[in-house]
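Q: Sequence first, predicted model second:
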Amino acid sequence: MTAWDAAVILFGLVIGSFLNVCIHRIPRGESVVRPSSRCPNCNSPVRPWHNIPLLGYLLLRGRCADCKEPISPVYPAVEAMTALLFELAFLKYGWTAPFAIALIFFSLLIVLNFIDLFERLLPDVFTLGGTVIGFLCAPLQSAEFFRDDPFLPDPAAWWLAYLHSGVGILLGGGVLWLVATVYLKVRKIEGMGFGDIKMMCMVGAFLGWRYAWLTILVGSLLGAVIGSLYIYLLGKGRRYELPFGTFLAAGAAVVALWGVRLLESYLKLL
Ligand SMILES: [Zn+2]
């Protein structure tokens, strides 16, 4: 491991700590800047040295310094997950524009993953905001979009990158919209919310149409396997609402990192 890897991991831990704040405050409409962190149980302010990512949690042995109430393990988990994804992106891209874009994309996915898990919400700030960012950044990662596409002669054409991203938005959101509409007609209950549709627009904007498609496949597969296991193990009813956005976020991260290989093996299956 080089010093650069260590720097990327540290940066990931710090950003992860900020993502925790977003995950817990944005669904409540609170500011992510003020006030400083407080214990959700006794409301006493968190001391700066206990606020250090991962280390703070270990120092406190997972309990509030004042009221000794257990601190949710989600905090260190988000920090560790962010650091891991940042490092994986660094190993894949090195110091390139796609690396910077991957960091933005992974941060959005982590926040959406946990907000949907806890609140069954996918806030527009992240889904629609992310769609705009992904589309605007498309030419910067055109090499990523096209590197395994034998049909496109000129990978550097900026308008092709916009086309790829634009079709990704339409296809990503469109497929889910179609599934949601059919599901509603057939089962008479809402199987998917507009948040999921907007989220797939964002994934399409960042990953292009082919990998948006692959994300839906991987996300649905994860949802089916983990969801049924969860419902079975915890004895939840069939009507238990699964956080589909959580599985889509996990699927999108897998596809962003290993999509090329996955797509190859998927096409071989057909
Ligand atoms: Zn406390």
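A: That came through, no problem.

Q: buried stuff in stretch 86-100?
A: 86, 87, 88, 89, 90, 93, 96, 98, 99 (16 or more other CB atoms under 10 Å). Just so you know, the C-beta spots here come from the backbone N, C-alpha and C atoms, and that holds for glycine as well.

Q: wait, I meant stretch 256-269
A: 256, 257, 259, 262, 263.

Q: I'd like to know how many residues surround residue 104.
A: By the measure other CB atoms under 10 Å, the count of residues near residue 104 is 14.

Q: could you pick out which of the buried residues of stretch 256-269 are near the ion?
A: Among these, none lies close to the ion by the criterion of CB under 5 Å from the ion.

Q: From these, pick the one nearest residue 54.
A: residue 257 (22.1 Å; CB to CB).

Q: and the most centrally placed residue in the chain, what does it touch?
A: Using CA atoms, centre = their mean, the residue of the chain that lies closest to the mean C-alpha position is residue 109, 1.3 Å off. Listed by CB atoms under 8 Å, 6 or more residues apart in numbering, the contact partners of residue 109 are 249, 250, 252, 253.

Q: so the first one is in which element?
A: Take DSSP states H and E as the rule and residue 249 turns out to sit in helix 244-269.

Q: what packs against that helix?
A: helix 74-93, helix 97-119, helix 194-234 (3 or more CB pairs under 8 Å, 6 or more residues apart in numbering; DSSP states H and E).

Q: any idea how far that helix is from the chain center?
A: Distance of helix 244-269 from the chain centroid (CA atoms, centre = their mean, to the nearest Å) equals 13 Å.

Q: and it, average pLDDT?
A: Averaging pLDDT along helix 244-269 gives 90.

Q: Report the angle between that helix and helix 97-119.
A: Relative orientation of helix 244-269 versus helix 97-119 (axes from the mean of the first three to the mean of the last three CA atoms, to 10 degrees): 130 degrees.
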